[in-house]
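S.K.: following is a predicted model, sequence given first.
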Amino acid sequence: GDSLDKANFIKVLANFRFSSIGRVRKAFRSVDGERVSWERVGVDRLDRLLMAAGHDPSPECIKSLVEQAGGPDVMIGWREFLELEVKFRAGLLDILRENMGFT
């Protein structure tokens, strides 16, 4: 039938992750002809960036991450976004553990 085995499910998730994170990465890149440069963006866009990466952050979570980044007026680069995403995912893992797999 149409069921996914574990290997194919992991492949689908990996492909989703790759395409989602690629969309977010574009927010930090500027292309001018053949010249590509890295940009910084306001951490106030963190909620939209995390959603584009396939996450569904709560307002409380976003507020905490923005504070950890230094406040709403801070500009972040690609690597800083990735660090904040790791913190988000770690917090999500704690929630899943506390709620037996449910967010």
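M.R.: Here it is on my side, so go on.
S.K.: what does the closest residue to residue 70 other than its chain neighbours show for phi and psi?
M.R.: The spatial neighbour of residue 70 that comes closest, neighbours along the chain excluded (C-beta to C-beta, 6 or more residues apart in numbering), is residue 43 at 7.4 Å. Any C-beta I mention is one placed from the backbone N, CA and C, and that applies to glycine too. Backbone torsions of residue 43, given as degrees, to the nearest 10, read phi -70, psi -10.
S.K.: from here on, count from 196
M.R.: New numbering, starting at 196: the last item is residue 238.
S.K.: show the contacting residues for residue 238.
M.R.: Residue 238 sits next to 261, 264, 265, 266, 267, 268, 269, 270, 271, 279 when contact means C-beta atoms under 8 Å, 6 or more residues apart in numbering.
S.K.: tell me the two of these that are most distant?
M.R.: Using C-beta to C-beta, the contacts of residue 238 span at most 15.4 Å, a distance reached by 268 and 279.
S.K.: looking at these two, which is more packed in?
M.R.: Remark: of residue 268 and residue 279, residue 279 carries more neighbours, 20 against 9, as counted by other C-beta atoms under 10 Å.
S.K.: quick check: that one touching residue 260?
M.R.: Yes - in this structure residue 279 lies within contact range of residue 260 using C-beta atoms under 8 Å: 5.2 Å.
S.K.: need the overlap of contacts for the two.
M.R.: residue 241.
S.K.: give me the distance between residue 241 and residue 268.
M.R.: Relative to residue 268, residue 241 is positioned 13 Å away (C-beta to C-beta, to the nearest Å).
S.K.: roughly how far does the closest residue to residue 270 other than its chain neighbours sit from residue 255?
M.R.: Nearest non-adjacent residue to residue 270, counting by C-beta to C-beta, 6+ apart: residue 235, 3.9 Å away. For residue 235, the distance to residue 255 (C-beta to C-beta) stands at 25 Å.
S.K.: now do the strand or helix carrying residue 282, average pLDDT.
M.R.: If you go by DSSP states H and E, residue 282 is part of helix 273-293. The average of the pLDDT scores along helix 273-293 is 82.
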